[in-house]
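In: Could you look at this predicted model? Sequence included:
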Amino acid sequence: MKIDGKFQEISKIAASNTSNALSKLIDSQVSIEMTHTGVKKVGDLNPIISPEEITAGIYLPITGDIKGSALLIFPKESAFILCDLLVKREPGTTRKLSGLDKSALKEVGNILSGNYLAVLSNMMNIKITEHVPSFSFDMFGAVISQIITKFAQKAEEALVIELEFVFKPATLKGYFLLLLEIEEINKILELLGSQ
Amino acid sequence: MDIEVKMGDLVVTKSPDNLMASGIGSCLVITLFDPKLRIGSLAHCMLPTRNGSCSGSDTSNPKSNTQGSIRKTQYEIRYAKYVDEAIDKLLERMETLGAERAGIEAKLVGGANMFKTLKMDMGSKNISSAREKLEKAGIAIIGECVSGGQGRSVEFSTATGIVTVKTKF
């Protein structure tokens, strides 16, 4: 599938919207690097983080005119720092994720993917529903494989949008991964093109 | 030699190689071992069965690894997306190397559900598919470290047949 200029443009606006939302949430400057926008084999989704690195993963199923999955990933130390900021603790005090921390991180997932998808929905004039977030704190490979498997059932490839959050100061790292089913997005792009 | 087996791949080899798979969630790792000949194999599977759920041509055209060094060390990588098909391929390849089916021992690792709120528990389906297929094939399962909500990494020694499972927290 050809990812045309129009979709690239929409993706960029959505990414910028998402980084603004995160900046506001943690009251710190966050920019975004789009590391990938395009079709990828779902089995090749693993390279961002080492498969054994412990990460916090927030997963949100997406339904509506397009179907897919949003996954927000924070390596362990970044998740702890983020919780300090979100729950207003002294920096460096989170050593274990409490129920409140997990809820806060899920809410981050909600807000970020909501902001991204709102732009897609408005600019492409489609209905997108994001569902209740699920949380997992474990090896990155184990966390992401469940999402990959969900896609692998239906297709070999997905439209993949990978965003890396660049924080200032740079002690935090985070990734946003959006996987969308190609067939449906193709139809929408055709419609966009004919308008 | 340590050989990492990625998701959807399988490897058949002989002692003293170690077969490894890291960051296993809902995927299922199946190890088969012939203790007499010390032939071991490992499949890192994603889904229980093809069952018409995917039209991909991947498994009918096995991914061949063309690196010269791989052929020299007597192992090969093939696509192993589905549990049932992977078991067939492991057995076929091990028998080609001289293993006798009656002596082959199986171990299962993985099949977790990493997101508890998810309705789709692919891990459990993977485990059931493997148990069913192995029973039909007449292979005894002598060890399991499956289910739950935790990720795992596996190291399988084809010298001893021992499977070591690592979790992280």
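Out: Received it, and whenever you're ready, just let me know what you need.
In: C-alpha only now, for contacts and for neighbours.
Out: OK.
In: So is stretch B:93-112 next to chain A?
Out: No: looking at stretch B:93-112 against chain A by Cα under 8 Å from any Cα of the partner chain, there are no contacts, and the closest approach is 8.6 Å.
In: from the middle of its chain, how far away would that stretch be?
Out: 9 Å (Cα atoms, centre = their mean, to the nearest Å).
In: Could you tell me which residues within that stretch count as buried?
Out: B:93-94, B:99, B:101, B:104-112 (16 or more other Cα atoms under 10 Å in any protein chain shown).
In: quick one: which of these sit in helices?
Out: Judged by DSSP state H, these include B:93-94 as members of helices.
In: okay if I get the buried residues of stretch B:93-112 as CSV plus pLDDT?
Out: As requested, those are exported to CSV (pLDDT from 0 to 100):
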residue, pLDDT
B:R93, 95
B:M94, 97
B:A99, 96
B:R101, 94
B:I104, 98
B:E105, 98
B:A106, 98
B:K107, 98
B:L108, 98
B:V109, 98
B:G110, 97
B:G111, 97
B:A112, 96
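In: Going by neighbour count, list what's buried in the longest helix along chain A.
Out: When chain A is parsed with DSSP H, its longest helix is helix A:99-124. Within helix A:99-124, the residues that count as buried by 16+ other Cα under 10 Å are A:101-102, A:104-106, A:108-121, A:123-124.
In: if we look at chain B, which of the residues you listed are close to it?
Out: Near chain B, by the rule Cα under 8 Å from any Cα, you find none of these.
In: Let me see the confidence value for the nearest residue to A:S145 once chain neighbours are set aside.
Out: The shortest distance from A:S145 to any non-neighbouring residue, by Cα to Cα, 6 or more residues apart in numbering or on different chains, is to B:G25 (6.1 Å). B:G25 is assigned 95 on the pLDDT scale.
In: give the contact list for B:G25.
Out: Taking Cα atoms under 8 Å, 6 or more residues apart in numbering or on different chains as the criterion, B:G25 is in contact with A:141-143, A:145-146, B:110-114, B:123, B:150-152.
In: ok, 7 Å please
Out: Contacts of B:G25 were listed using Cα atoms under 7 Å, 6 or more residues apart in numbering or on different chains, and they are A:142-143, A:145-146, B:110-114, B:150-152.
In: Tabulate those residues (CSV), appending distance to A:A14.
Out: Formatted as CSV, the contacts of B:G25 follow (distance: Cα to Cα, whole Å):
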residue, distance to A:A14
A:A142, 28
A:V143, 25
A:S145, 26
A:Q146, 26
B:G110, 36
B:G111, 35
B:A112, 34
B:N113, 31
B:M114, 28
B:Q150, 33
B:G151, 32
B:R152, 35
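In: Check the spacing between the residue nearest the centre of chain B and A:T171 real quick.
Out: Taking Cα atoms, centre = their mean, the centroid of chain B lies closest to B:A43, which sits 2.1 Å from it. To A:T171, B:A43 is 38 Å away according to Cα to Cα, to the nearest Å.
In: One more: B:D84?
Out: B:D84 sits 45 Å away from A:T171, going by Cα to Cα.
In: Looking at the two, which one has more neighbours?
Out: Counted by other Cα atoms under 10 Å in any protein chain shown, B:D84 and A:T171 do not tie: B:D84 has more neighbours, with 21 against 10.
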